[in-house]
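1. return a 3D structure for these sequence lines:
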Amino acid sequence: MPLSSADLRRLAEAARGRRCEACAVLVCPGWESLPAGFDGRQLRVLGTLRPGEDEPTWQEHHPQGTRTDSPAAPIAPAFHPYNRSDAVACVHCGRAFLRYTEAGGYFSDVRLRELDPALVVD
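-> Coordinates of the predicted model:
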């Protein structure tokens, strides 16, 4: 069962203000590429936002005219790219992020966005 908006808010609140030496390099208020050389094993999966067997929508949610990579964009679990994301946390301090893999014809790019409880919407 995927994480709900309420679950995301709880995870974000519990992780608020956490940051350690291991994850300090992850500066991602909007979707940012995982830095080259960062050991992805330092992030553990907390849950998923993927809807299960249903094909998730490609529609995005930007009622205030934001863009996907904007730090002010709402975190809307039912919409792209959140509906193809997992919630992860630093194994050392518990700082929480969303992780999504952007895929194109010849590449894949793992992207992170730090969880901000104020931006999570239903």
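2. nearest residue to the middle of the chain?
-> Centroid check for the chain by CA atoms, centre = their mean gives Leu98 as the closest residue, at 1.6 Å.
3. so what strands line up beside the strand or helix carrying it?
-> Here Leu98 sits within strand 96-103, counting by DSSP states H and E. Strand pairing for strand 96-103, determined by DSSP bridges: strand 86-90 (antiparallel), strand 108-114 (antiparallel).
4. in it, what's buried?
-> 96-100 (16 or more other CB atoms under 10 Å). From N, CA and C alone the C-beta is placed, and that goes for glycine too.
5. can you list contacts of it?
-> 11-12, 14-15, 18, 26, 28, 31, 34, 43, 46, 49, 75, 81-82, 84-89, 108-115 (CB atoms under 8 Å, 6 or more residues apart in numbering).
6. among those, name the buried ones.
-> Counted by 16+ other CB under 10 Å, these give 11-12, 15, 26, 28, 31, 34, 43, 46, 49, 75, 81-82, 84-89, 111-115 as buried.
7. for Ser5, which non-adjacent residue is closest in space?
-> Distance criterion CB to CB, 6 or more residues apart in numbering; nearest residue to Ser5, sequence neighbours excluded, is Asp122 at 4.7 Å.
8. near that neighbour, how many other residues are there?
-> 10 (other CB atoms under 10 Å).
9. pLDDT wise, what is it at?
-> Note on Asp122: pLDDT of 87.
10. equivalent analysis for Ser85, please.
-> The model's pLDDT for Ser85 equals 96.
11. show me the contacts for it.
-> 48-50, 98-100.
12. try it again with 7 Å
-> Listed by CB atoms under 7 Å, 6 or more residues apart in numbering, the contact set of Ser85 reads 49, 98-100.
13. give me phi/psi at it?
-> Ser85 adopts backbone torsions of phi -120, psi 160, taken as degrees, to the nearest 10.
14. and the residue nearest to Ser5, how far is that from Ala36?
-> 35 Å (CB to CB, to the nearest Å).
15. swap in Ala6?
-> Ala6 sits 35 Å away from Ala36, going by CB to CB.
16. between those two, who's got more neighbours?
-> Ala6 (10 against 5).
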